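Q: test case, fold it:
(4 chains, ligands or ions: 4)
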Amino acid sequence: MPEQASSFALEYDLFYLFLIALTTFFTIGISAAAVIFLIKYRRRSQGEVPEQIEGDMRLEITWTVIPFLIAMFIFAWGAKLYYQMYTDPKDALEIFVTGKQWMWRAQHPDGQREINELHLPLGRRVKLTMTSEDVIHAFYIPAFRTKTDVVPGRYTTTWFTPTRTGTFHLFCAEYCGTQHSGMIGKIVVQDYSDYQAWLRGAPKEMTPAEAGQKFFTSLACNNCHKDQDAGRGPSLAGQFGSDVKLENGSTVKMDEAYIRESILNPGAKTVLGYPHIMPTFQGQVTEEQVAMIIQYIKSIGPKQNEAVAKPAAAAPAGQPAAKPAAAQPTGTTAKPVAQGEQPKQN
Amino acid sequence: MATEVMETTESRVNYLNNGTTVKSWLLTLDHKRIGLLYLFSISFFFAIGGIYATLIRLELITPQGDLLTPEMYNRVFTMHGVIMIFFFLIPSIPAVLGNFLLPLMLGAKDVAFPKLNLLSWYIFIIGGCLMLYTMLSGGIDTGWTFYPPYSSIYSNSQVTIAGVSIFITGFSSILTGLNFMVTIHTMRAPGLTWFRLPLFVWAHYATSLIQVLGTPVIAITVLALAFERTLKIGIFDPKLGGDPVLFQHMFWFYSHPAVYIMILPSMGVISELIANMTRKRIFGYNFVAFSSLAIAVFGFLVWGHHMFTTSQSMYTGMVFSLISYAVAIPSAIKTFNWTATIYKGSVSFDTPMIYALAFLGLFTIGGMTGLFLAALGLDVHLHDTYFVVAHFHYVMVGSAVIGYLGGIHYWWPKITGRMYSEFLGRISAVIIFIGFNLTFLPQFVLGQLGMPRRYHAYVPEFQVLHILSSAGASILAVGFTLPVIYLAWSIKYGEKVGPNPWMASGLEWQTSSPPPTENFTYQPVVTHEPYEFENVEEIKQARQAELQRA
Amino acid sequence: MAEHSHAHPDNPLKYYIGVFTLLLVMTGLTVFVAKYDLEHIWPPLNIIVAMTIAVIKATAVVMIFMHVRWSSRLTQLIVVSGIFWLIIMLAFTVSDYYTRGGWPTTLGQ
Amino acid sequence: MAEHATHVEGLAHHFVSMEQQKEAGMVGMWIFLLTEIMFFGGLFLAYTIYRTTYPEGFLFGSHLLNVKLGGTNTVVLIVSSLTMAMAVYYSQKGDRKKLLAFLALTLILGLAFLGIKYVEYSTKIHDGLFPAAATWNPPSEGEHAIPVEKQQAVHVFLWIYFLMTGLHAVHMIVGAGILITLIIMAQRGKFTKNYNSPVEISGLYWHFVDIVWIFLFPLLYLTGYHFTPGGH
Ligand code: HEA
Ligand code: HEA
Ligand code: CUA
Ligand SMILES: [Cu+2]
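A: Ligands and ions are numbered 1, 2, ... in the order given. The predicted model follows:
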């Protein structure tokens, strides 16, 4: 067993051991039966014809129903674990990750950036939003028992709660070319004070939202998107998470993916009542810049009562959550947007 | 099964000596000869795939990755996977044993479309030559799964030619499946009803169904990939508006059912081996027969279990997981029925039976580790690790190849008219079993510890297990080489055998060994259920002889 | 071998002409309908109407021109299973995209 | 089934009877069509996914196609299906003259279809609308302008269009080849009242190719028929 360093690891390991036991049981059972029959009923004379047994309905039903029940149990357990892993947590520390042949880049909410390393606070729920600049990669931390593909052209998310300090492996698990096996790194889990010290010492730039605001101006988005609906485009303030009415009559929720699409492929969906004048920014912005602009748009919404330029989920980074055990996901789908929840998209 | 006429003397003219020129082989329409053509072709590809496997295992002895460059290593495992799957395992049992035996088992003179049958061999050879060309001009480095956008944009290797090669080879598989389905529907001997068919035939029917319904989808998928690559069209490339995950859906829509193309024929072989080596009718014949069909049909509904972490929807993931468990049930039914068949049988220890036993144990392990992977929460950790590599080698090598070897040994006297050395047969079966487990058991542990697959270099803590695995692979290589030698030897020097050396039941054992060109010198008529050993003439004679002696 | 469920009609020509007329009329109809923007009523309405017409046309061709109406059970089974498998492929894949939450927004740059 | 000692015209050696041979041919062809369904099915899947992803791009892209030519081709194929059915009918009646006439008619219609397709393709390629990198040069100004932000989605539509109709056209070419073979065989008097399954089997193929077009026409040509670019 690799180290158990996240809130999923214990349950995962129990499940794994249960299946190992089940496999051992069936393998030994079947092999032993076969070997015993083989020896006991070995052929004693050339002309021997054993008594024929056609089959037995009760036996057939038994060995259909029992494996079926076992299988359904395994399915249910696996599905439960998966549901936890892929349902977004509340109040998580949000980190943005990009994969690129052949390295990992991470960006913390307060602006710290790292390459092939990721520093995490102990006991705090962490949510990663990830995308790729080129091919498919997969972000894999064996000690946390989590893995999610990082797909170009879309965002994927994953989350976990580190429960043990130390340094753990980070692997790229989806084959991505020549240096696939070199696309590895370190996950460093630190307790509260060490982590804070690291945060202070780490090379720090602007927070993503601040940087996003800068790009919003330098790319001239603000020429059209003003604070009120006075500009040529719709106002983006206070819009995040709300429903947008489209020209073709349908509605769509303004989430990260929708903003990203609006920037890179504005023609795909047009907001009701506005002309098709927004140019595409395809080729002018990188995935990381798009992510920063998204953070900015998130920061000016929902509703402008929150301070501008603070990421939505930016509770003081690194503050330990109550207990690791409390880090279970809420499991509800109807999450209030005002708490900084993002709808899942992958 | 029995026929009205019994043939005891070996016919003078058989399919082997009826024309000995190269031309008579290359233009033959005889299904038995075509089966042999396939036997040589796929053995050749197996050897190449095996050489690649050897390179993989040599490289992985040390963690640094010092034997091969990363580019070379990536090409090596890709070519290993592609050749083993598309050019060895998928055609193995159907195209060799299926071709040879189906018409014999059905009491027919040939398959329904003999010309198509030869054509599909030529198509296979064309595809194979293209793959060899790919290999010689540098190979491909995409993994056998060809995921874009790596394969379509970033890779600098021969992806287009390899795609075309697989496209072409796919048609060989489709035509074989089509031919078999029509043959089974229309060419059965009088009296041979569906429930009198040997289970081998049922398994091949199910296999053909998958070949016919699944293979076209992979064909169009690799074709699209080749277009994307050559013309720079945004079919799957997200930069041009395409969706790489759509490729994965289309790829696995074929490639999951394809794993049942590999295992179902092997299951058919195992049914024959166990029934005939224990002289017992398969326990629960109907259940075993229908479970083949169930596997073929349900097998089409689970492809998404290869995509649990690839940003597929969580809900769809659950559906795919659930159905994956449904498809495990027919496999479980088969396994239990085979074991029950041995009970109170008259079990022989001959080589084919050793393979059948190995199959039972290894398939249980391989199949049940599939259950780990189908469990959503576990697959998150295990996906793309050596656990998956171990799982599929257990089912593909430990089950499908073992079944193939068992079948080759069992029908060898029928194919060649000669018997191999039983002693060497048993020894190498045991060597393969030991070597196999030593190679792939450690890989389960590696995967659980977090070793990702397709890694050219790895972190040092995994080295011990990798060394064990490489040691096992060298034993395995010996085990696979031995049969090649003694089987080849037996063609010339092996003891000659009569029509039915195993005293087995089944129409194929009632014609001479090797069979005459049109299989039977008379029209067989079936009046009995399958696996009725009281009616096997050779057993009757043996019993008579024993009674006289007593 | 396989039993024929229905015998061929003596004079299929009148069926052929009937199907032919149906196909022409349906083609006209589908072009006519496509001119109108039914998407304002309900977004998928245009495609539903077009596909319904296409399915009717295809069924007519399969049943009459391809004689499936008079063919063996086996042939009919093959036709049905072809459609069935196609639906499996479409339905499962679409279900993935549809339940992802973001679709159709997530894709596309 | 008794032994057939005598040789029957057109019966291959490995079959027992004419019925068996015919049955095998029919079942074989139907299974082949099954594979064809799945072959095209992959593209229909891509169509479904991308159409839902880029609804407006599909309206726009579809609007670029020429409904008149597409409609004409639809009618041409429908007529050819009728003539093919007639050919099969007369082959079973053993009427060689009518058989030949209808086969020739079908062939001519098939070639007409390909001719029209050729015209359509060449205008598209000429307009810079072939979606390969080397030829893709959509007009962004003028009458047929495609707004820049729609170009990617239109690109997706157009490759689907070319791939689907291209694959269909390949099938038409194969079909034409088959028809020519049939015509030659019919001329040599190969077909009789008792032996005509090649005609019947080829007919199945031809009708199948027609059915594919029955779906392609509305999906590709008519999707954007009601759509006026720029207007709301
Ligand atoms: C011959 C080939 C073969 C066969 C038969 C199988 C059989 C099965 N496989 Fe496997 N599989 C592969 C070849 C095969 N597989 C390959 C090649 C890959 C990797 C591809 C790649 O990525 O490169 C793969 C990968 C793979 C994955 C994806 C892993 C990943 O990439 O993350 C999954 C996930 O669900 C899976 C599941 C299963 C299941 C549930 C079965 C079932 O059919 C097994 C059923 C059998 C049994 C269950 C055993 C017998 C039953 C008993 C003894 C009774 C007890 C049973 C119960 C209690 C239920 N397989
Ligand atoms: C049928 C399929 C098949 C078979 C038989 C094998 C056989 C073997 N495979 Fe492989 N394997 C795959 C299918 C198969 N494999 C696939 C699909 C992959 C995934 C590829 C990918 O990731 O894309 C894979 C990947 C794979 C890996 C993982 C690579 C990685 O992820 O980095 C490893 C590592 O150990 C491995 C090892 C082996 C070994 C040791 C054997 C041994 O069993 C082989 C032993 C055989 C020999 C050593 C040859 C014997 C010699 C002869 C018979 C010569 C004489 C013959 C004549 C002259 C006719 N295989
Ligand atoms: Cu990145 Cu593998
Ligand atoms: Cu699978």
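
Q: alpha carbons only for contacts and neighbour counts from here, please
A: OK.

Q: in chain B, spot the helix with the most residues.
A: If you go by DSSP state H, chain B has its longest helix at helix B:244-278.

Q: and chain C, is that helix touching that?
A: Yes: legend: contact between helix B:244-278 and chain C by CA under 8 Å from any CA of the partner chain is shown at B:249, B:253.

Q: how far away from the center of its chain is whichever helix or strand comes after that helix?
A: Counting by DSSP states H and E, the next helix or strand C-terminal to helix B:244-278 is helix B:285-298. In terms of CA atoms, centre = their mean, to the nearest Å, the centre of helix B:285-298 is set 18 Å apart from its chain centre.

Q: pLDDT on helix B:285-298, on average?
A: On average, the pLDDT along helix B:285-298 is 94.

Q: residues touching that helix, excluding its own?
A: Applying CA atoms under 8 Å, 6 or more residues apart in numbering or on different chains, the contact partners of helix B:285-298 are A:54-55, B:195, B:199, B:202-203, B:206-207, B:209-210, B:257, B:260, B:264, B:323, B:326-327, B:330-331, B:333-334, B:337.

Q: now the buried members of those.
A: A:55, B:199, B:202-203, B:206-207, B:209-210, B:257, B:260, B:264, B:323, B:326-327, B:330-331, B:333-334, B:337 (16 or more other CA atoms under 10 Å in any protein chain shown).

Q: just those residues: which are in helices?
A: Using DSSP H, the buried ones among the contacts of helix B:285-298 in helices are B:199, B:202-203, B:206-207, B:209-210, B:257, B:260, B:264, B:323, B:326-327, B:330-331, B:333-334, B:337.

Q: return the distance of residue A:88 relative to residue A:129.
A: 11 Å (CA to CA, to the nearest Å).

Q: comparing those two, which residue is more hemmed in?
A: Neighbour comparison, residue A:88 and residue A:129: the larger count goes to residue A:88, with 27 against 22 (by other CA atoms under 10 Å in any protein chain shown).

Q: quick check on residue B:107: phi, psi?
A: The phi and psi torsions at residue B:107 (degrees, to the nearest 10) take the values phi 70, psi 30.

Q: ok, back up a step: intersection of neighbour lists for residue A:88 and residue A:129?
A: Shared contacts of residue A:88 and residue A:129 (CA under 8 Å, 6+ apart): residue A:158.

Q: now do the SS call for the residue of chain A positioned farthest from its centre.
A: Residue farthest from the centre of chain A, counting by CA atoms, centre = their mean, is residue A:47 at 65.5 Å. Recorded secondary structure, residue A:47: coil (DSSP: H, G, I helix; E, B strand; the rest coil).

Q: just checking, it touches residue B:539?
A: Yes: Residue A:47 lies in contact with residue B:539 (CA atoms under 8 Å); the separation is 5.1 Å.

Q: now the helices: where do they sit in chain C?
A: Assigned by DSSP H, the helices in chain C fall at C:13-34, C:45-60, C:73-98.

Q: of these, which is nearest residue B:160?
A: Residue B:160 sits nearest to helix C:73-98 of all the helices of chain C, at 25.4 Å, using CA to CA.

Q: list the buried ones in the closest one?
A: Neighbour counts over helix C:73-98 (16+ other CA under 10 Å) mark C:73-76, C:78-79, C:82, C:85-86, C:89-90, C:92-94, C:96-98 as buried.

Q: again, but for stretch D:16-36
A: Residues D:16-18, D:20-36 are the ones in stretch D:16-36 that count as buried (16+ other CA under 10 Å).

Q: where does chain C get nearest to ligand 1, which residue?
A: residue C:92 (16.0 Å; CA to the nearest ligand atom).

Q: spit out the contact partners of that residue.
A: So residue C:92 contacts B:301, B:316 (CA under 8 Å, 6+ apart).
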